[in-house]
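>>> Give the three-dimensional model of this entry:
(chains A and B)
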There are 2 protein chains.
Amino acid sequence: MDDIQKTRNLKLVIAYNGAAYHGWQRQAAGIDTVQLRVESAAVQVLKHPVKAHGCSRTDSGVHAEGQVCNIRTPRLTVPLAGIRKAMNSRLPRDIVVRSIEEVPENFNASWSALGKTYRYRIHVGSTRPVHLAGLVWYYWRPLDIRPMQEAASLIIGEHDFRSFASSTEGRETTVRTVYRCDVAQACDGSEIHITVQGNGFLYNMVRNIVGTLVAMGRGRWQPGHITEILKSCDRNQAGPTAPPDGLTLMCVHYDPDFLKNV
Amino acid sequence: MDDIQKTRNLKLVIAYNGAAYHGWQRQAAGIDTVQLRVESAAVQVLKHPVKAHGCSRTDSGVHAEGQVCNIRTPRLTVPLAGIRKAMNSRLPRDIVVRSIEEVPENFNASWSALGKTYRYRIHVGSTRPVHLAGLVWYYWRPLDIRPMQEAASLIIGEHDFRSFASSTEGRETTVRTVYRCDVAQACDGSEIHITVQGNGFLYNMVRNIVGTLVAMGRGRWQPGHITEILKSCDRNQAGPTAPPDGLTLMCVHYDPDFLKNV
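The predicted structure follows:
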């Protein structure tokens, strides 16, 4: 056995409030990102250089309940619960490691993912929700939820989502499958939650879907217009990009049998 | 009629997330406070110098759902709803004017108050609540709610609350009446909410009550020990001061008949 085979691979589920960070992805020195914070905490605990490969490059201001990353370590000298606790005591209060588990050597948080679920929160009350600043999109104009629901149902399925991509740089294909896209009243009617689950997402895809659904809710377009927007493969045909504040990466889906095979 | 008689007096109800501010009260130049922000917005809208007399000097990091202040203006040229809207468009997203109404000339947000209600949120889940950072006290050790409830019931009534005051400077008396003090499980059991209503509060009084109730919940003291703490009139006999994060000024109570008498 050589050294590489002996390396242990750990899957971390991480939650954060992204308001104070320039997204997940590590950037130039001096720019604060969630990955930087997670790696710094891991280095202090594991006492060796750490690279935290994340599943989703969440943007500035976007949140996570279940971001996933994996880190490699040559050996495990303390129990995983101890690593989690020690990392959490070194992380700021808006980032937390929810769980750590050992996964197969060939697990990669990004490439092994089968899909992801995002939730977008729109606050629709008549008073700005000051305690939710940064966590919701406060939309004070009236929104009709029924056309939004009808339009959302047309997004489900395998489509070329080029019209909903702010950039397609580096993408081999813009075809993705959306398994779930629903619009629901929540929090006593003061919020609208849009949940989108798919096998993969293009840049700003959820925020562009939300911006388009809101246009339906305002009566700008009929719900059926979604089909033409998809067909056009033209970003200019869809609605504007919703702000990052309301967006949360809820979870990343993996094959449970694959994960067990440590 | 002289000028003073013609002055209009406005009562503003204000909500804010206090995490980013050095409390309500205006301080030295360069220190950001909620009062400073409210006065700046009012000056821009009313086009004259404004002093916003607040009811409660909430500390750094303490929040409000219903802080009350009053401002005076020589004449009303736009409807109150227009002033509210214009002020809100000039306030940061973590401060909002909930309502504005005209009140009698002799109304003063502080002196006219009959009482106040505060709520304190303790989060007790096993994972740090990253989306509630700054809004709750995250207490990860187990807390037994029943002794906290029993102790809370002994705080109700007229007492000398000197043991619960971090400072008594400038106070004529330390006797206050607490009308309500209850401890309840909330948010599916992940939070404990402590609600305290009284005719007036000493400096840090709610946070010192909370710190003491948590000591009961940890089994440090029997609930009945509250009576001895009150009797001692000694701050050192009570528990530590709970952090500001979990505290919210919910509302200020006034005589509704007095307010109507414009």
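>>> Am I right that A:K11 is in a strand?
Yes: under DSSP: H, G, I helix; E, B strand; the rest coil, A:K11 falls within a strand.
>>> show me what contacts the nearest residue in space to it that is not next to it in sequence?
Distance criterion Cβ to Cβ, 6 or more residues apart in numbering or on different chains; nearest residue to A:K11, sequence neighbours excluded, is A:V103 at 4.4 Å. Just so you know, the C-beta spots here come from the backbone N, C-alpha and C atoms, and that holds for glycine as well. Shown in contact with A:V103 (Cβ atoms under 8 Å, 6 or more residues apart in numbering or on different chains): A:N9, A:L10, A:K11, A:N70, A:L259, A:V262.
>>> Of the residues you listed, which is the nearest to B:S232?
Closest approach to B:S232 among the contacts of A:V103 (Cβ to Cβ): A:L10, at 52.0 Å.
>>> Next to chain B, which bits of chain A? Give me the list.
Proximity of chain A to chain B (Cβ under 8 Å from any Cβ of the partner chain) is limited to residues A:15-17, A:63, A:88, A:93-96, A:98, A:127-128, A:130-131, A:133-135, A:138.
>>> send the alpha carbons of stretch A:36-48 over as PDB?
Extracted C-alpha coordinates of stretch A:36-48, given in PDB (Å, rounded to 0.1, in the frame of the first residue of the first chain):
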ATOM      1  CA  LEU A  36     -11.100  30.100   3.400                       C
ATOM      2  CA  ARG A  37     -12.700  30.000   6.900                       C
ATOM      3  CA  VAL A  38     -13.400  26.300   6.700                       C
ATOM      4  CA  GLU A  39      -9.900  25.500   5.500                       C
ATOM      5  CA  SER A  40      -8.400  27.700   8.200                       C
ATOM      6  CA  ALA A  41     -10.400  25.900  10.900                       C
ATOM      7  CA  ALA A  42      -9.400  22.500   9.500                       C
ATOM      8  CA  VAL A  43      -5.700  23.400   9.400                       C
ATOM      9  CA  GLN A  44      -5.800  24.400  13.000                       C
ATOM     10  CA  VAL A  45      -7.400  21.100  14.000                       C
ATOM     11  CA  LEU A  46      -5.700  18.700  11.700                       C
ATOM     12  CA  LYS A  47      -2.300  20.400  11.800                       C
ATOM     13  CA  HIS A  48      -1.600  20.000   8.100                       C
END
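>>> Tell me the spacing between the residue nearest to A:K11 and B:T173.
As judged by Cβ to Cβ, to the nearest Å, A:V103 and B:T173 stand 64 Å apart.
>>> for A:P92, same thing?
Relative to B:T173, A:P92 is positioned 42 Å away (Cβ to Cβ).
>>> what about those two, which has more around it?
A:P92 (17 against 11; other Cβ atoms under 10 Å in any protein chain shown).
>>> which is the next helix or strand following the host helix or strand of A:E228?
Assessed by DSSP states H and E, A:E228 sits inside helix A:225-232. Using DSSP H and E, the helix or strand that follows helix A:225-232 in sequence is strand A:247-253.
>>> Tabulate the CA atom coordinates of the following helix or strand past that following strand in CSV.
Downstream of strand A:247-253, the first helix or strand assigned by DSSP H and E is helix A:256-260. Only the C-alpha atoms of helix A:256-260 are listed here, as CSV (Å, rounded to 0.1, in the frame of the first residue of the first chain):
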residue,chain,number,x,y,z
PRO,A,256,-26.3,6.6,-0.3
ASP,A,257,-24.9,3.2,-1.2
PHE,A,258,-21.7,4.8,-2.7
LEU,A,259,-21.2,6.8,0.5
LYS,A,260,-21.4,3.7,2.7
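>>> What is the distance between helix A:256-260 and the centre of its chain?
22 Å (Cα atoms, centre = their mean, to the nearest Å).
>>> elements contacting that helix?
Helix A:256-260 sits against no helix or strand, with contacts defined as 3 or more Cβ pairs under 8 Å, 6 or more residues apart in numbering or on different chains; DSSP states H and E.
>>> For the residue in the stretch 151-262 of chain A positioned nearest to chain B, the count of nearby residues, please.
Using Cβ to the nearest Cβ, the closest approach of the stretch 151-262 of chain A to chain B is made by A:T248 at 8.3 Å. Around A:T248 there are 26 other residues, counting by other Cβ under 10 Å.
>>> nearest spatial neighbour of it, skipping sequence neighbours?
A:H63 (4.3 Å).
>>> got the contact list for A:E150?
Listed by Cβ under 8 Å, 6+ apart, the contact set of A:E150 reads A:M216, A:P223, A:G224.
>>> Drop anything exposed from these.
Taking 16 or more other Cβ atoms under 10 Å in any protein chain shown as the criterion, what is buried in the contacts of A:E150 is A:M216, A:P223.
>>> got JSON lines for the contacts of A:E150, with distance to B:D144 too?
Shown next, in JSON lines, are the contacts of A:E150 (distance: Cβ to Cβ, whole Å):
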{"residue": "A:M216", "distance to B:D144": "51"}
{"residue": "A:P223", "distance to B:D144": "53"}
{"residue": "A:G224", "distance to B:D144": "57"}
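>>> want to throw the contacts of A:E150 into CSV with pLDDT?
As requested, those are exported to CSV (pLDDT from 0 to 100):
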residue, pLDDT
A:M216, 97
A:P223, 95
A:G224, 95
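>>> burial measure for the closest residue in space to A:R171 that isn't next to it in sequence, as a count.
Residue nearest to A:R171 in three dimensions, not counting chain neighbours: A:L202, with 6.5 Å by Cβ to Cβ, 6+ apart. If you count neighbours by other Cβ under 10 Å, A:L202 ends up with 22.
>>> tell me the secondary structure for A:L202?
Quick answer, by three-state DSSP: A:L202 is coil.
>>> so it sits right up against A:E169, yeah?
No: at 10.2 Å, A:L202 and A:E169 do not qualify as touching, with contact defined as Cβ atoms under 8 Å.
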